[in-house]
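> Return atomic coordinates for the entry below.
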Amino acid sequence: MLETVLDEVRDEDAGSPASYIPELAAADTSRLALAVVGPHGRVREVGDHDAEFTIQSISKPFVLALALEERGLDAVLERVGVEPSGEPFNAISLEAETGRPANPMVNAGALATTALVEGDDVDTRTARIVETLSAFAGRSLWVDEAVYASESSTGDRNRALGHLMRSYGVIDGSVEVAAETYFRQCSLLVTVRDLAVMGATLALGGRNPVTGRQVVSTHVARHVLSIMASCGMYDSSGEWLLRVGLPAKSGVSGGLLAVAPSQFGVAAFSPRLDAHGNSVRASAVIERLSERFEMHLLEEHESLASPGLSISAGEGGRIVHLGGELGFAGAERVVAVLRTLASSLPSGEPVIVDARELARTHPSALLALRTEFESMPQEFRLQE
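This is a model prediction of the structure:
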């Protein structure tokens, strides 16, 4: 299913790479990748999923999460707002009286957020950020020094935003430390797998489904997703929420992360950007996924990740009874139970999955179950 979605957008050639950062302007525009991570930590990745690119603005929600953990919500809100700006990500736009930037997802807000992270110098603050983002990704991340140098050499507008905010008292310490730290956090190398795991960690209340580590609190994860939902796609955030309905964050290297709460972290990558700074093909991929897997935030659901499930022993073997609603995320839980049964039962013992009591079954979930049955060692049968 994921390969099909990629194939549908592969020939789309609108947009162009970010031209104002020399290292990004030279990107290979043919690259296209997609990854999905569910509540049990299973990673699905297709396309150029091994391609590395810099995280750029997708770092913003995760540095926000760190600032919220260290400072608390009220202290962060004293320095950064949470309202959609309706303006480009690099706009020079601050509240008239307070000097606060509109939200943490635009550059001014991200600089203010980075300035809240503990640390007196660039190295200390960067190390704290890298440690946190690595915990979200489930592996160690590192800075692409060439991209960092390119970011720093062309970052005068961001420095200007920093000095303007310091004049209001929004930034207390060194603007140069905040700016250079920000350039380094944007230059972290990731893959779509990393981003999908990071998104899944937010989706599951701050718990990384691959490592099992609680990276941030449930409340912090919820705060971050709330801001991503309204502000994560810059001045196209409203239309994104309408059409796709998922909290999301884009980056000018072509990465795009979206979160289906309690279900999935999803990430796509393609370097060509639209006028808002969002990847053209990555946006199209995630819009299709949201529609086909019914992941819109406001979709009507009875149960998502935990369908009713019980197991009994019958004359013909074990019977797995399903009830409630079976969505794509719920299918992953069912598959996990089936694999456990397959590994523990005597060879050849049949297993029947009784789906007749399901109130609602998503077609993608049913297809996933049928596909999994093909690889099961036991004699598995589905009653619909």
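
> Straight-line length of stretch 366-384, end to end?
This stretch, stretch 366-384, spans 10 Å end to end (C-alpha to C-alpha, to the nearest Å).

> now swap in stretch 83-103 and tell me
End-to-end for stretch 83-103, by C-alpha to C-alpha: 6 Å.

> buried sites along that stretch?
The neighbour-count check on stretch 83-103 (16 or more other C-beta atoms under 10 Å) flags 84-85, 89-91, 94, 99-103 as buried. All C-beta spots, glycine's among them, are computed from the backbone N, C-alpha and C.

> Redo those as JSON lines? Include pLDDT and secondary structure.
Output for those, formatted as JSON lines (pLDDT from 0 to 100; DSSP: H, G, I helix; E, B strand; the rest coil):
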{"residue": "P84", "pLDDT": "90", "secondary structure": "coil"}
{"residue": "S85", "pLDDT": "82", "secondary structure": "coil"}
{"residue": "F89", "pLDDT": "79", "secondary structure": "coil"}
{"residue": "N90", "pLDDT": "78", "secondary structure": "coil"}
{"residue": "A91", "pLDDT": "81", "secondary structure": "coil"}
{"residue": "L94", "pLDDT": "89", "secondary structure": "strand"}
{"residue": "G99", "pLDDT": "92", "secondary structure": "coil"}
{"residue": "R100", "pLDDT": "94", "secondary structure": "coil"}
{"residue": "P101", "pLDDT": "95", "secondary structure": "strand"}
{"residue": "A102", "pLDDT": "91", "secondary structure": "coil"}
{"residue": "N103", "pLDDT": "94", "secondary structure": "coil"}
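
> so which of those residues comes closest to I171?
G99 (9.3 Å; C-beta to C-beta).

> Excluding residues flanking it in the chain, which one is nearest that closest one?
Y168 (2.4 Å; C-beta to C-beta, 6 or more residues apart in numbering).

> Repeat that for I58.
Closest to I58 by C-beta to C-beta, 6+ apart is G251, at 4.3 Å.

> Please export the C-alpha coordinates of stretch 155-171 as PDB.
Taking only C-alpha atoms (Å, rounded to 0.1, in the frame of the first residue of the first chain), the coordinates of stretch 155-171 have been written out as PDB:
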ATOM      1  CA  GLY A 155      21.600  33.300   8.800                       C
ATOM      2  CA  ASP A 156      21.700  37.100   9.200                       C
ATOM      3  CA  ARG A 157      17.900  37.300   9.100                       C
ATOM      4  CA  ASN A 158      17.600  34.900  12.000                       C
ATOM      5  CA  ARG A 159      20.200  36.800  13.900                       C
ATOM      6  CA  ALA A 160      18.300  40.000  13.300                       C
ATOM      7  CA  LEU A 161      15.100  38.400  14.700                       C
ATOM      8  CA  GLY A 162      17.100  37.300  17.700                       C
ATOM      9  CA  HIS A 163      18.400  40.800  18.400                       C
ATOM     10  CA  LEU A 164      14.900  42.300  17.900                       C
ATOM     11  CA  MET A 165      13.500  39.900  20.500                       C
ATOM     12  CA  ARG A 166      16.400  40.600  22.900                       C
ATOM     13  CA  SER A 167      15.400  44.200  22.800                       C
ATOM     14  CA  TYR A 168      12.000  43.200  24.200                       C
ATOM     15  CA  GLY A 169      13.500  40.900  26.800                       C
ATOM     16  CA  VAL A 170      12.100  37.800  25.100                       C
ATOM     17  CA  ILE A 171      15.700  36.400  24.800                       C
END
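
> List the contacts of that stretch.
79-80, 90, 92, 94, 98-101, 107-108, 111-112, 115, 172, 175-176, 178-179, 182-183 (C-beta atoms under 8 Å, 6 or more residues apart in numbering).

> try 6 Å
The contact list for stretch 155-171 (C-beta atoms under 6 Å, 6 or more residues apart in numbering) reads 79, 90, 99-100, 107-108, 111-112, 115, 175, 178-179, 183.

> starting at the chain centroid, how far to it?
28 Å (C-alpha atoms, centre = their mean, to the nearest Å).

> Counting neighbours, what do you get for A355?
20 (other C-beta atoms under 10 Å).

> My read is that it contacts E384, right?
Yes. Using C-beta atoms under 6 Å, A355 is in contact with E384, at 5.2 Å.

> Could I get the full set of strands for the stretch 201-350 of the chain?
Taking DSSP state E, counting those that start in this stretch, the strands of the stretch 201-350 of the chain run over residues 248-250, 255-260, 264-269, 308-314, 317-326.

> can you list these in a markdown table and add distance to R292 and mean pLDDT?
Formatted as a markdown table, the strands of the stretch 201-350 of the chain follow (distance: least, C-beta to C-beta, whole Å; pLDDT from 0 to 100):
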| stretch | distance to R292 | mean pLDDT |
| --- | --- | --- |
| strand 248-250 | 17 | 96 |
| strand 255-260 | 12 | 97 |
| strand 264-269 | 12 | 96 |
| strand 308-314 | 24 | 84 |
| strand 317-326 | 15 | 84 |
